[in-house]
Structure formats: structure tokens, C-alpha cells
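> next input, structure requested:
(chains A and B)
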Protein chains: 2
Amino acid sequence: MKAQIITIGDELLIGQTVDTNSAWIGAELSKLGFDVCRRISIHDRREDILNTLAEVSGKSDIVLITGGLGPTSDDITKQTLCEFFSTKLVTSREVLDMIEEMYKQRNWPMNENNRRQAEVPETCRVLKNAAGTAPGMWFEKDKTIFVSMPGVPQEMKYIMYENVIPELKKRFSSQLIIHKNIMTYGIGESSLAEILKGFEEALPEEIKLAYLPAYGIIKLRLTATGPDKQLLENLLQQNVRKLYKIIPELIYGEDEELFEAAVGRLLKERGTTVCTAESCTGGKIASMLTSIPGSSVYYKGSVIAYDNSVKKNVLGVSAGTLEKHGAVSRETVEQMAVGARKLLKADYSLATSGIAGPDGGTEEKPVGTVWIAVSSETGTRALRLRYGTDRVTNINRFSVAALHLLWKEISGR
Amino acid sequence: MKAQIITIGDELLIGQTVDTNSAWIGAELSKLGFDVCRRISIHDRREDILNTLAEVSGKSDIVLITGGLGPTSDDITKQTLCEFFSTKLVTSREVLDMIEEMYKQRNWPMNENNRRQAEVPETCRVLKNAAGTAPGMWFEKDKTIFVSMPGVPQEMKYIMYENVIPELKKRFSSQLIIHKNIMTYGIGESSLAEILKGFEEALPEEIKLAYLPAYGIIKLRLTATGPDKQLLENLLQQNVRKLYKIIPELIYGEDEELFEAAVGRLLKERGTTVCTAESCTGGKIASMLTSIPGSSVYYKGSVIAYDNSVKKNVLGVSAGTLEKHGAVSRETVEQMAVGARKLLKADYSLATSGIAGPDGGTEEKPVGTVWIAVSSETGTRALRLRYGTDRVTNINRFSVAALHLLWKEISGR
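This next block holds a predicted model:
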């Protein structure tokens, strides 16, 4: 069961719009068991559309197309579909009634452009779009189903949910694809791959493993494919259990869980709170933690001590420490953590001080160096790490590393 | 000058990752004057890669490929490139030295997988990647240039900026394309388009105008195309001057300047400093301000007062105010701003308190409501705004709106 996705629109090619439609469609089709083997974005141009349709025709079971169905003159998809499927545009009474009703209800005046939205290729099956005025269209040719939908996300989704997904479920129901993600941190991709070499080789043929890294976090994705849902779920469960045995200390969560969400989950479960004291990360950790809905239950706040005067006057880092060891030191970051916990009255505190770059490094403390500390009523622990030279990457890596230290402290792992 | 983009990776097809790489590459290639005529995403599978390469070969001047270059076994791009270009993998001494040096500096152990990253197809030109371990690769076949890059965005961008863009500029230079961006804030896209209708209609045929909106900021991109550099630059300059006359109060910067950079520039010019006191934005403003290199000169720090106890105990918001007016009120946000300025000893302070959502709204203060205050020695000003219901969008819009208020205060506009 193969599927291809075509998205039409200049804005997708010149980078003005990120193509979230095809990501969404890809996820939905995967859930139905389709192998989405290709996604193509092309211009709103007659010959490009015709060439692409000819290319994909007969090479997969379904082709989902979005975009190019608006009323303005640069949208030529409908005419081109007529040409490809050797038919002509006719006015659909049903669609016209719907559009007229919609305009009446909203008290909008109808114009010629709106009426043209009701024109559809004569041989297509019209798919109702209650979220807008451009209907979806269903064609079949060369044993391939073609569905054309508008590019506005909520309209496309309406047509998918109401028409396309139910119909595809009816027609194609043999092969299933199920995914399971295991979120890890603490080791590089290649080292992890070495540890998991035996595991990967022992995977049954129904299951595949992929590594998806970002800022030190590696998502392990297990994909199970086959006709028997129960079998696939059992196989996934067995292999997830295996992973927990091989790398227990590296797994912090499952599915798409972010590190900041995993930390929040632990804090909530235990009824404890956290605060932060950030220097080089400049609010990034606070921003990550508070991006999670409901974080106000466990997150107290932060002192961003960018300037040394704030480290001294607000967090109580001693002038002697700053002078003797500098701002990027074990002593400073430990005092920041202790000071923040006292001031903001949280169970845990997390502090960072480092050199994000691009300048400010020395031989002893090069750009990319960071000290991280975590403090709780049982004591304070600090850690020195070293990353690269890119400022934004460093801020992200420092922040994830700090969340990891906090996670270890809370989980006791 | 035609270009095609191929992104490789299962995660792109099943919708786990939105393909931001090809949007970014599309934008960069458009700036260079390429017509990006097609973007294709395919699986990490030998035959899919070979078929797609064969299909695109000879049909455009350049083909940029990302993804599939990691060290793990699901990454087979490199071997497949060898097959397509009829060559074999050899170890690049240069790349191996770089990887060894990187691992030595960070005190990481090297393994066989890391060493394999230094293997490259014999006939390619190796493109240095200082942001990671997988190098870029440059091939030429059938009058088409193929460039293969890793899928990690910062690595791909490094290789593009350092190697690919300069080389493409050298090779393809008949038609010049010059861009000039004018950064605006304070009005919606369609209202701005209405104001600029006459301006746009009067543009000479060499110049096109595009609107690129993000979180309330609208980038106006003027693109000049033609063979005569001097003429294009003059035309751009004339039309930029026109814009400054039509919408002087909306323009905060030029080129790609971020709002946080524009604010930083003003502070630096005037030798003044700023601090923040964030509630609902949870460190986002601090994180934006400190993402700018050199921000430590003018940014003192922040108190993130997520919990009301922090607003009271650290920032000095009165218990009576919180009780009578609530945390999301003019009175609270003004006291936060005043308290932060005193505590963190900065010339300006910026405070936010609002309801980011998805929950926590009331009829009187619905989700999306925010109070913003700016304080300086001349006084304190506050502003209430209202946005939508999406948490992440709200945090971003609140933060940009707050930076705008600060920018108006500093610039006196």
C-alpha cells in the first residue's frame, strides 16, 4: 500500500511557507498503514503539474494533492486536472448551493470568483468541504486514486477526516504500520548504535529501528509493519522491554515526550517544585520548562543572572568567589544554585554558567564550556561540560544537559 | 537557473519531522536567483534514492540533498551516492583529522562508527562541516551539480554558508538578484498591504515586493532582478526611502534584523542597560535578548516570577495588589517592572503577566490576554493586549509585543 503526496504552491518552494500539510497527511496515512514513499512540492504551473501527475500515476495506490484550488488567477490546478483526466469543468449544483448558503448566513456578497469555486471536473467525485468554499475532488486512473484538496490546513483536514480517511479505511485494510518512540539522552548517536548493534540485529523482520538526534537527545523509533495488529503490538512491547534492559539509564521517556515535559512529569508526580538560576543559557531553560502547559504547578521562577552584579546582589554569590574562580566555575554555579533555591523557595534548583560564544573564551575556559549545578535539600552537585563554538547550538545543548542533570537528581538514576 | 531539493529520511514522510530544511534551502536558493522547481522527500532506501537521483539528473542546474548521512546503519545515502556516481568509499584523511581533533578536545572516546564518518565517495569534493562530523559532498554529473549534506539543520546551514552559497555565486552570475528587507511591526499584513497598494503598483518592473509575516513582525522583501548592479541598487535605495516616508513609525530595522537585535543595538548606542521581569512569557524574552552575541553588555538579567510568591518576595509586588487586581493586571505588571529595575539595577525594565493558555482564562481575562509594562527613570507605562488560544504562539506574540514596547520607549517613537 503505497502513497504519494503532492503539494502545489510557489510559497512552498521559495521557503515562505513550511510544508506542514504534507507532514500531517504523512502521519495520517502512516497510521492507516500506507507507506508514504514520496512527497513532492511543485509550482502552480500547468506543465509542472501535468509532468508530476504523469510521473506518479500507476506508481502508488493513492496520490493526495493539496493546494492550488483558490479562486484567484494564479491557481490553475483545477483546469490542469481536467486536462490530465480528459474531462471538462462543470458547475456542481450541490457545491454552488453550499457556497450560496454559506455566504447568505454570513451576510457576505457573492461575486464571480466565489461562483467559480463551484466548478468541478465532470468525472470527479466531489468531496464536501464545510470549512471553506473549495471542494475536494476524487479521481481514479491507472489503478491509482487521486484526491485533490485545498491547501488551507483546516479545509484539507476537514476533507481528510470526513471523506478521505473513512473511504481509504474501507478500501485498504490489510497492512498496518505502528510506531513506538523511546527517548534517550546521555550518549552520542554512534556510541548508542554500537551498544544497540546486537539488539538491532536481533530485531524481527517486522520491526525497524531508526535514530533521530537533536541537541544530544536521541529518539529511537521502532516501526512495526504487518497485517496482524496484536502481533505487531506484542513485538513492539517485547523490544521496548529489551531496550529498557539494555540502556535503562539512558531512557527518559516515550513517544514524543520533550525533556522539559519529562522533568515536569516527575516533579508533578512527586509534588515537588523547581527554580532556575541561569547565566549563559539566558532564560532558555525557563522558557523550555514554561512552554509545557500546566508548568505553573511545579515551576516557581528564575533569576537570570547575566551580569555578575546580579549573581552577587540577588543570588548571593560571594565577591571573593567571582574574583578567585571567575563566573564560569564550580564554586560560582554551586552558589548560584543554592542562592536561587533559598530565594525562590523551591525543592530543586538548577544553575548554569558558561561561555556560549562566539567570543569570550580563554585557553583554560574555551567557548563551549559550561558549569551546571543542581541543588536540593540533600546537597548540591556540579558538572563541567564542553561543546562547540556555535552560540545558539551551545545555549540549546547547555539547557538540555542541565535538564538531564535535574532529571537524574529527581529520578535518582 | 533551475534547482531541485531532495530531503531524505523516513521521519519526513511519516510526519514525525516537518521539513524545515527544504524551506530554508528554498529561500536561500531563491535569493541567489534560482528557480526552485521541485522539492522531493523520500525514504532512506537504496532504490528510492537511486530512482530519484536518476529522475532529477540533467533536469536542473543544481540538486541539493539533505539527510541520511549519520553514522548509524539506517543511513545509507553515502553508499548509494557511490553507486549512482560509479565510485567507491575511501577514508578522507582531512575529515578523519577533524573528527579526531573534535573528539580529543571534548574528551570523548572515538569508535568505529565515528571513524566511518570520514569515509567519502572517492570522486566527490569534500565540503567541511565544523558543526558536526558528517562532511558535505559535491558531485557533478550530466551538467548537474549534486550537493549532499547532513540533515541536522545547523550542520546543513554551516555547509551552505561556508561552501555551497559562495561557490554557486561564483558559478551562476549572469542575472543579478539583490534583496533588501525592511522589518516592520505594529500592523497586520492585509492592512499593511492596503497602505502600500499605491507603492506596490508604482514599483519599477525590476522590483518585486513580498510580505513575510511572523508573530506580528512583517518583513517587507524587495527583490531587484537584472543585469546592472548599479541600477538595481539605486532602484532599491529609492524605494526603501519611499517606504520610510510612507510607514516611518512601523519600521524598526533592515535586512534580517531580529527585534531583539534592534533593541540591543539601540541600548548599545545609548550606553544603557535593560532587565526583565517575566511571568507568562517564562524566560522567552530573556532568551531572545541573550541569543544575540554581545548582549551581556546591555542585558543585566531577569526575575522570572512564575509563582506569585516570587512576584511578592523577590519583585516586591504588594499582596494587596495581587489580591485586589490579580496577577494579570496593570497594577501587578507595573510593580513587577519597577521592582525588577530596582533589584537588577538597569536603566530600563520590561515586565509581562498574562494567560498563555490553553487553560486559566476567565470571561474577564480570557486566554491570550497579556499586560506588558516598561519602566525607566522617566516613569512606567503599561499596555493590555489580546491574542489567540495557542500557548506557544501566545508566548511568542507576547514577547515580540513586549520588545516592541521597549523599543518605542528607548527610541522615543
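
> who does the worst-scoring helix or strand of chain A on mean pLDDT touch, helix- and strand-wise?
Within chain A, no helix or strand scores below helix A:112-116, which has a mean of 79 by mean pLDDT, DSSP states H and E. Under the contact criterion of 3 or more Cβ pairs under 8 Å, 6 or more residues apart in numbering or on different chains; DSSP states H and E, helix A:112-116 touches helix A:93-106. C-beta coordinates here come from the backbone N, C-alpha and C atoms, glycine included.

> neighbours of A:Cys37, how many?
18 (other Cβ atoms under 10 Å in any protein chain shown).

> quick one, what contacts the closest residue to it other than its chain neighbours?
Leaving aside its chain neighbours, A:Cys37 sits nearest to A:Lys2 (5.1 Å; criterion: Cβ to Cβ, 6 or more residues apart in numbering or on different chains). Residues near A:Lys2 by Cβ atoms under 8 Å, 6 or more residues apart in numbering or on different chains: A:34-35, A:37, A:59-62.

> can you add secondary structure and give those residues back as JSON lines?
JSON lines is the format used below for the contacts of A:Lys2 (DSSP: H, G, I helix; E, B strand; the rest coil):
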{"residue": "A:Phe34", "secondary structure": "coil"}
{"residue": "A:Asp35", "secondary structure": "strand"}
{"residue": "A:Cys37", "secondary structure": "strand"}
{"residue": "A:Lys59", "secondary structure": "coil"}
{"residue": "A:Ser60", "secondary structure": "coil"}
{"residue": "A:Asp61", "secondary structure": "coil"}
{"residue": "A:Ile62", "secondary structure": "strand"}
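
> SS state for the residue nearest the centre of chain A?
Taking Cα atoms, centre = their mean as the criterion, A:Glu256 is the residue nearest the geometric centre of chain A, at 7.9 Å. What three-state DSSP gives for A:Glu256 is coil.

> likewise the one 4 residues further on?
Remark: A:Glu260 carries the secondary structure label helix [criterion: three-state DSSP].

> secondary structure element for the closest residue to it other than its chain neighbours, which one?
In space, and not counting its chain neighbours, A:Glu260 is closest to A:Met288: 4.2 Å by Cβ to Cβ, 6+ apart. Using DSSP states H and E, A:Met288 sits in helix A:284-290.

> name the residues of the next helix or strand after that helix that are buried.
The C-terminal neighbour of helix A:284-290 among helices and strands, as given by DSSP H and E, is strand A:299-305. For strand A:299-305, burial by neighbour count (16 or more other Cβ atoms under 10 Å in any protein chain shown) applies to A:299-305.

> and the helix or strand that comes right after strand A:299-305, what does it pack onto?
The C-terminal neighbour of strand A:299-305 among helices and strands, as given by DSSP H and E, is helix A:308-313. Applying 3+ Cβ pairs under 8 Å, 6+ apart, one finds that helix A:308-313 contacts strand A:299-305, helix A:319-325, helix A:330-344, strand B:299-305.

> apply 7 Å and report the result again.
helix A:319-325 (3 or more Cβ pairs under 7 Å, 6 or more residues apart in numbering or on different chains; DSSP states H and E).

> packing partners for the helix it packs on?
Using 3+ Cβ pairs under 7 Å, 6+ apart: helix A:319-325 touches helix A:308-313, helix A:330-344.

> if you compare the ones you listed, which one is most tucked away?
helix A:330-344 (a mean of 24; mean count of other Cβ atoms under 10 Å in any protein chain shown).

> that helix vs chain B: in contact?
Yes - with Cβ under 7 Å from any Cβ of the partner chain as the measure, helix A:330-344 is seen reaching chain B through A:343-344.

> so what touches that helix?
A:275-277, A:300-301, A:303, A:305, A:311, A:315-318, A:321-322, A:325, A:349-353, A:371-375, A:380, A:382, B:310, B:314 (Cβ atoms under 7 Å, 6 or more residues apart in numbering or on different chains).

> hmm, try it at 8 Å
Outside of helix A:330-344, the residues within contact range by Cβ under 8 Å, 6+ apart are A:275-277, A:279, A:300-303, A:305, A:311, A:314-318, A:321-322, A:324-326, A:346, A:348-353, A:371-376, A:380, A:382, A:384, B:307, B:310, B:313-314.

> just stretch A:238-253 next, same as before
A:180, A:182-187, A:192, A:195-196, A:199, A:203, A:207, A:220, A:222, A:254, A:259, A:261-262, A:265, A:404, A:407, A:413.

> tell me which of these fall in strands.
In this view, the contacts of stretch A:238-253 that belong to strands under DSSP state E are A:180, A:182-185, A:207, A:220, A:222, A:254.

> out of the residues you listed, which is nearest to B:Pro293?
A:Tyr185 (27.3 Å; Cβ to Cβ).

> wait, the closest one sits on A:Phe259?
Yes - counting by Cβ atoms under 8 Å, A:Tyr185 touches A:Phe259, with 6.7 Å between them.

> among the contacts of A:Lys2, name the buried ones.
A:34-35, A:37, A:60-62.

> for A:Ile14, what are phi and psi?
phi -90, psi 10 (degrees, to the nearest 10).

> tally of neighbours for it?
20.

> check contacts around it.
Neighbours of A:Ile14 in contact, by Cβ under 8 Å, 6+ apart: B:26-27, B:30, B:36.

> which single one of these is nearest to A:Thr77?
Once Cβ to Cβ is applied, the member of the contacts of A:Ile14 that ends up nearest A:Thr77 is B:Val36, at 18.8 Å.

> so which strand or helix has the closest one?
Secondary structure (DSSP H and E) places B:Val36 in strand B:35-42.

> that strand packs against which elements?
Strand B:35-42 packs on helix A:10-13, strand A:35-42, helix A:46-56, strand B:2-8, helix B:10-13, helix B:20-31, helix B:46-56, going by 3+ Cβ pairs under 8 Å, 6+ apart.

> ok, now with 6 Å
strand A:35-42, strand B:2-8, helix B:20-31, helix B:46-56 (3 or more Cβ pairs under 6 Å, 6 or more residues apart in numbering or on different chains; DSSP states H and E).

> tell me the angle the helix or strand where A:Cys275 lies makes with strand B:299-305.
If you go by DSSP H and E, A:Cys275 is part of strand A:274-278. Interaxial angle, strand A:274-278 versus strand B:299-305 (axes from the mean of the first three to the mean of the last three Cα atoms, to 10 degrees): 170 degrees.

> what does the next helix or strand after the least confident helix or strand of chain A contact?
As assigned by DSSP H and E, the chain's next helix or strand after helix A:112-116 is strand A:119-121. For strand A:119-121, the external contacting residues (Cβ atoms under 6 Å, 6 or more residues apart in numbering or on different chains) are A:81-82, A:87, A:89, A:91-92, A:126.

> who does strand A:119-121 pair up with?
The pairing partners recorded for strand A:119-121 under DSSP bridges are strand A:89-91 (antiparallel).

> ok so, going back, closest to chain B among the buried ones among the contacts of A:Lys2?
A:Cys37 (6.2 Å; Cβ to the nearest Cβ).

> okay, the closest one: pLDDT?
What the model reports as pLDDT for A:Cys37 is 94.

> follow-up on the earlier one: just put the buried ones among the contacts of A:Lys2 in CSV and tack on distance to B:Ala54.
Converted to CSV, these look like this (distance: Cβ to Cβ, whole Å):
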residue, distance to B:Ala54
A:Phe34, 24
A:Asp35, 20
A:Cys37, 16
A:Ser60, 18
A:Asp61, 23
A:Ile62, 24
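
> ok, back up a step: tabulate the contacts of strand A:119-121 (TSV), appending distance to A:Gln230, pLDDT and neighbour count.
What follows is those, written out as TSV (distance: Cβ to Cβ, whole Å; pLDDT from 0 to 100; neighbours: other Cβ atoms under 10 Å in any protein chain shown):
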residue	distance to A:Gln230	pLDDT	neighbour count
A:Leu81	41	94	25
A:Cys82	46	95	19
A:Thr87	45	95	15
A:Leu89	48	93	15
A:Thr91	50	94	13
A:Ser92	44	93	19
A:Val126	38	95	17
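
> where's A:Gly226 relative to chain B, distance?
For A:Gly226, the distance to chain B equals 16 Å [Cβ to the nearest Cβ, to the nearest Å].
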